[in-house]
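**Q** build me a model:
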Amino acid sequence: MDVKEAIDKRRAYRSLEPAEITPEILTELGDAARLSPSCFNNQPWRYVFVYEPDALRAMHEALSRGNAWATKASMIIVVTAKKDADCVIKDREYYAFDTGMATAFIILRATEMGLVAHPIAGYSPRKTREILGIPDDVDVLALVIVGKKSDTINELLSEDQAKKEKQRPERLGLDKIIHHNRFKVEGQGG
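**A** Predicted structure coming up:
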């Protein structure tokens, strides 16, 4: 699978079935992040791969109600970073951008390996810190829910979520997200 195919195939599915989390998968996903670019090669990201059954059950306590579907995950990747571990140039803080790129590399590599890697924002950073012993000076940026796509729609999904399992949600057109040579404010001519 090439990068274009992985980008096209990647979906944020919520209906999951178990996937065996092997040492090879852990290494491949870790290497994908490790090779991601960052400002001055600072690599500010740190990931906690949570895959042992007891640790996964503990992490279920950090999920929001709307993400109850994530209890079917085979692994939860906790995305963390420290602002002062990366470039801060005047008012530009690069750590979140750089960590986002590394996380995208993980998601694309997981897709290439036949896995679903669904990033979520519906969780408690405080509970995540408590469960995993993450220090207060480390930002918990996101969770990535990992499993195999199930053909059976998860019964915990809302009607809207179930619909999105069957058909990719509509994406904005290129004319909405790409500006040529100058930023164009929506609603203004130009």
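**Q** measure the residue sitting nearest the centre point of the chain to C87 for me?
**A** Against the mean C-alpha coordinate of the chain, by CA atoms, centre = their mean, the closest residue is P119 at 2.9 Å. Distance of P119 to C87, computed by CB to CB, to the nearest Å: 23 Å. (Each C-beta comes from the backbone N, C-alpha and C, glycine too.)
**Q** and for I131?
**A** Shown here: I131 relative to C87, a distance of 30 Å by CB to CB.
**Q** in the sheet, who's paired with G147?
**A** Partner residues in beta bridges with G147, using DSSP bridges, are V116.
**Q** these two touch, right, it and S74?
**A** Yes: G147 is in contact with S74 according to CB atoms under 8 Å; the separation is 4.7 Å.
**Q** neighbour count winner among those two?
**A** G147 (25 against 20; other CB atoms under 10 Å).
**Q** identify the residues contacting E93.
**A** Going by CB atoms under 8 Å, 6 or more residues apart in numbering, E93 touches K83, D86, C87.
**Q** correct me, but the last one touches N42?
**A** Yes: with the criterion set as CB under 8 Å, C87 and N42 qualify as a contacting pair; they are 6.6 Å apart.
**Q** what sits in contact with each of those two?
**A** Common neighbours of C87 and N42 (CB under 8 Å, 6+ apart) are Y94.
**Q** beta partners for I120?
**A** L143.
**Q** what about it, distance to F183?
**A** Distance, I120 to F183, by CB to CB: 30 Å.
**Q** gap between the lowest-mean-pLDDT helix or strand in the chain and the chain center?
**A** When the helices and strands of the chain are scored by mean pLDDT, DSSP states H and E, helix 159-166 comes last with a mean of 89. Here helix 159-166 is found 19 Å from its chain centre; the criterion is CA atoms, centre = their mean, to the nearest Å.
**Q** ok, now stretch 120-138?
**A** Counting by CA atoms, centre = their mean, stretch 120-138 comes out at 15 Å from the chain centroid.
**Q** give me the contacts around that stretch.
**A** Stretch 120-138 has contacts (CB under 8 Å, 6+ apart) with 46, 48, 50, 58-59, 61-64, 66-67, 70, 78, 80-82, 139-140, 142-145.
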